[in-house]
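# Please work out how this folds:
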Amino acid sequence: MTGAEDVLYDDPAFFERHHEMRQRGAGLNEDLERPALLRLLPDVAGADVLDIGSGAESLALAPECLDLVVSSLALHYVADYDTLIRRIAGWLRPGGQLTYSVEHPICTARDPMTGWLAVGEGTVWPVDDYARETPRAQQWLGTAVTKHHRRLATLIGGVLAAGLILTGIDEPYPDEQALGRRPDLADHRRRPPLLIISARKPYRALTKVACAFGRSARRRRYRRDGQRARVEEDPQASGLSERGVRRVSVVVGSDQGER
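The predicted model follows:
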């Protein structure tokens with residue numbers, strides 16, 4: 001796979017600096033991002049899982065071949081977010097889940113991404129050009145990088161437009177325990193550094209059909225049983241409306257089981 005992030009990490013000098021930062025525990029992965037991701041992930045035992053970087057833009061997979069797609073701080077390097085989310089939705093099986101983290105839009109808004117600014121005797125985080133969704137330049141670990149700023153509404157809207165159901169959202173910040181280990185994280189309580197979104201692909205709708213023919217009407221109830229629908233008879237169903245005409249009702253069910 002190739003992409004902006006992959007080329008960046010292929011640079012030996014950058015990779016060494018990034019590796020050294022992770023070894024020191026100076027990033028946000030261990031203390032903020034990973035715990036929040038784990039809280040939103042489903043049970044993965046026996047699941048088909050894909051962990052993607054920005055190179056997923058060129059990845060070709062069969063439809064409905066995955067149970068879980070995870071992405072860690074990579075999608076802000078992706079130029080065409082909406083298309084990638086639609087492709088991921090196509091790769092997921094019904095009931096499958098997408099969970100990803102990105103830099104928070106508050107952090108990527110300003111161009112260039114300069115970080116904290118000194119104002120008087122304190123610092124402020126600048127938020128500017130929030131609605132302008134374009135690439136942003138940043139100096140990070142001694143290297144010029146390009147990230148793509150998107151509004152919160154765009155990130156969530158892309159998930160919903162792809163037909164997924166939003167199941168979780170988080171803006172992790174350091175708790176007291178994390179601050180006890182790393183006091184340098186305190187500024188991340190002043191503004192959210194990360195955004196984590198989780199969504200699920202709905203099951204195909206099951207149809208419950210009640211067909212009533214006189215007093216001996218039968219009601220057919222369909223339940224999900226693995227990949228099959230089981231038909232049960234309900235001899236108690238009433239078959240006539242108040243005017244004594246034949247009544248047929250159709251109710252679209254959902255993946256939440258029989259109602």
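
# secondary structure class for the nearest residue to residue 169 once chain neighbours are set aside?
Here the nearest residue to residue 169 in space, its sequence neighbours aside, is residue 197; by CB to CB, 6 or more residues apart in numbering that works out to 5.5 Å. Placement of C-beta: from N, CA and C, glycine included. Here residue 197 is strand, with the state taken from DSSP: H, G, I helix; E, B strand; the rest coil.

# So what's the residue count around residue 197?
24 (other CB atoms under 10 Å).

# I'd assumed residue 154 was in contact with it.
No. In this structure, residue 197 is not within contact of residue 154 by CB atoms under 8 Å, at 11.5 Å.

# Quick one: residues contacting residue 154.
81, 133 (CB atoms under 8 Å, 6 or more residues apart in numbering).

# So it belongs to a helix, correct?
Yes. Counting by three-state DSSP, one finds residue 154 located in a helix.

# Skipping adjacent residues, who's closest to residue 149 in space?
residue 108 (4.1 Å).

# For residue 192, see how far away the one you found is.
Distance, residue 108 to residue 192, by CB to CB, to the nearest Å: 12 Å.

# Could you do residue 155 as well?
Residue 155 is 13 Å from residue 192, by CB to CB.

# Who has more neighbours out of the two?
Per other CB under 10 Å, whichever of residue 155 and residue 192 has more neighbours is residue 155, with 20 against 17.

# contacting residues for that one?
Going by CB under 8 Å, 6+ apart, the list of residues near residue 155 reads 81, 102, 105, 195, 197.

# so what's the nearest residue to the fourth one once chain neighbours are set aside up against?
Take residue 195 and drop its neighbours on the chain: the residue closest to it by CB to CB, 6+ apart is residue 104, 4.6 Å away. With contact set as CB under 8 Å, 6+ apart, residue 104 has these partners: 171, 191-195.

# Just the buried subset of those, please.
Neighbour-count burial (16 or more other CB atoms under 10 Å) applied to the contacts of residue 104 gives 192-195.

# before we move on, back to that, could you pull up the residues touching the residue nearest to residue 149?
76, 136, 147-150.
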